[in-house]
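Novice: Model the structure of this input:
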Amino acid sequence: MYKNIIVVFFLIVLTGCGKAQNGKNESSLPATEFSKKLDQTKDAQLVDVRTPGEFRNGHLKNAMNIDWNADDFTEKAKVLDKEKPVFLYCMSGPRSTAAAAKLQEMGFKNVYEMQGGMMKWRNANLPEIKVSTSAGMSLAQYNEILKSETPVLVDFYAEWCAPCKKMEPYLKKMSSEMPDKVKIIRINADENTELCKELNVSALPVLKLYKKEKLVWNNLGFVTEDEVRKRIIQ
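Specialist: Numbering: from 1, shown residues only. Model prediction:
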């Protein structure tokens, strides 16, 4: 009898955990699922939580811009209707996740966020509205940069990317200390959205190391200075 009670107890716990996990997954959607859900939802409120500069460089149709990092985010968010669904996105995910938690704390009932943000949206070739006329670097120009006897290290970064900022000092130091060993090129992902899409850069930071125009190392995420130096001299 006691064994049966224990089994029932664990089944209840597991079922509860499963429901909680599924609930979380339902509110955090991949780009294509986010797009479908948005199209199917009546009275959807779409919010871009990036900076105004990022917003001008490309955003989803009918999105309003409420900058998560601005001091007045909470105040501006009050214009949203708590009874209607809210769809959030940023550039790669962290800001929309934080904004979603804040809105839920404020009493919003249905909040959805896009996994991977605009980088995944663009990677999936989904439509966007562009206000900025800056085209950024072309793929042909990028390939010209790689034509070097010296290894070329390309750093795809963004101003909002915390790991990028952490890596920036040592990359600049390496650029000045070892110009005969490596040529370091830093490319702002926000200003080169088409290039990122063509090179399948859908998250940051990304380091690409080329030797004689051939890609020999491709790294996504934070990496230490020692590891980068080791890759260059290999």
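Novice: what about stretch 104-123, how long is it end to end?
Specialist: 29 Å (CA to CA, to the nearest Å).
Novice: cool, stretch 167-186 as well?
Specialist: 11 Å.
Novice: Show me what it is in contact with.
Specialist: 145, 148, 150-155, 157, 205, 222-223, 225, 228-229, 232-233 (CB atoms under 8 Å, 6 or more residues apart in numbering). The C-beta positions use only the backbone N, C-alpha and C, and glycine is treated the same way.
Novice: Distance from the chain centre to stretch 163-173, please.
Specialist: Remark: stretch 163-173 is offset 18 Å from the chain centroid, using CA atoms, centre = their mean, to the nearest Å.
Novice: that older thread, narrow the contacts of stretch 167-186 to those in strands?
Specialist: Judged by DSSP state E, the subset of the contacts of stretch 167-186 located in strands is 152-155, 157.
Novice: so how many other residues sit close to the closest residue to S35 other than its chain neighbours?
Specialist: Once flanking residues are discounted, S35 sits nearest to L126: 5.6 Å by CB to CB, 6 or more residues apart in numbering. Using other CB atoms under 10 Å, L126 is surrounded by 14 other residues.
Novice: three-state assignment of L126?
Specialist: coil (DSSP: H, G, I helix; E, B strand; the rest coil).
Novice: pretty sure it is touching E33, no?
Specialist: No. Between L126 and E33 there is no contact under CB atoms under 8 Å: 11.2 Å.
Novice: quick one on the thing from earlier: what subset of the ones in strands among the contacts of stretch 167-186 is buried?
Specialist: 152-155, 157 (16 or more other CB atoms under 10 Å).
Novice: Please enumerate the strands of the chain.
Specialist: Using DSSP E, strands in the chain cover 28-29, 45-48, 64-65, 86-89, 111-114, 152-157, 183-188, 206-211, 214-220.
Novice: follow-up on the earlier one: I'd like to know how far the residue nearest to S35 sits from P30.
Specialist: Separation of L126 from P30 (CB to CB, to the nearest Å): 11 Å.
Novice: With adjacent residues omitted, what lies nearest to the residue nearest in space to the middle of the chain?
Specialist: Closest to where the C-alpha atoms of the chain average out (CA atoms, centre = their mean) is S92, at 1.1 Å. Distance criterion CB to CB, 6+ apart; nearest residue to S92, sequence neighbours excluded, is G117 at 4.7 Å.
Novice: Next, the contact list for the one you found, please.
Specialist: When contacts are counted by CB under 8 Å, 6+ apart, G117 touches 89-93, 95-96.
Novice: which regions of the protein sit below the pLDDT cut-off?
Specialist: 1-25, 132-135 (pLDDT under 70).
Novice: give me that answer again for 50
Specialist: 2-24 (pLDDT under 50).
Novice: ranges for the helices of it?
Specialist: In the chain, the segments counted as helices under DSSP state H are 2-27, 31-40, 52-56, 73-77, 94-105, 117-123, 139-145, 162-177, 193-198, 225-233.
Novice: Identify the residues contacting the second one?
Specialist: By that I understand helix 31-40. Looking at what lies outside helix 31-40 - CB under 8 Å, 6+ apart - the contacts are 29, 44, 46, 60, 87, 89, 112-116, 120-121, 123-124, 126.
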